[in-house]
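Asker: Can you look at this prediction? I've put the sequence above it.
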Amino acid sequence: MRTNIVLDDELLREAFKYSKAKTKKELIHEALREYVEARRRVDLRKLRGKISFREDYDYKALRRGR
């Protein structure tokens, strides 16, 4: 989708410092992906208290690779 937007030049310069993007387009795509991922993580918090684990579930054993 093609669109024209006015971007804050100072914010763009700062964003490029933290990114490996070479173009504004790459930078915007990266920012949108990170935004969507962050919103998905927020949604996972809504599951708190709604998931039950088996009594024999041993997360420590899983961490050791067993």
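Answerer: Sure thing, it's come through. Everything numeric here is computed off the predicted structure, so don't read it as measured data.

Asker: Give me the buried positions along the helix or strand of the chain with the lowest mean pLDDT.
Answerer: The weakest-scoring helix or strand in the chain, judged by mean pLDDT, DSSP states H and E, is helix 59-63 (a mean of 85). Neighbour-count burial for helix 59-63 flags no residue at all (criterion: 16 or more other C-beta atoms under 10 Å). All C-beta spots, glycine's among them, are computed from the backbone N, C-alpha and C.

Asker: I would like the residues contacting it, please.
Answerer: Around helix 59-63, nothing counts as a contact under C-beta atoms under 8 Å, 6 or more residues apart in numbering.

Asker: Please put the alpha-carbon coordinates of it into CSV.
Answerer: The C-alpha trace of helix 59-63 is given here as CSV (Å, rounded to 0.1, in the frame of the first residue of the first chain):
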residue,chain,number,x,y,z
TYR,A,59,9.8,-26.9,34.0
LYS,A,60,13.3,-27.2,35.6
ALA,A,61,13.8,-30.6,33.8
LEU,A,62,12.8,-29.0,30.5
ARG,A,63,15.4,-26.3,31.0
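
Asker: gap between that helix and the chain center?
Answerer: 25 Å (C-alpha atoms, centre = their mean, to the nearest Å).

Asker: Could you pull up the mean pLDDT of stretch 35-44?
Answerer: Stretch 35-44 shows a mean pLDDT of 86.

Asker: burial measure for E37, as a count.
Answerer: Using other C-beta atoms under 10 Å, E37 has 10 other residues around it.

Asker: Then R48?
Answerer: By other C-beta under 10 Å, the residues close to R48 number 7.
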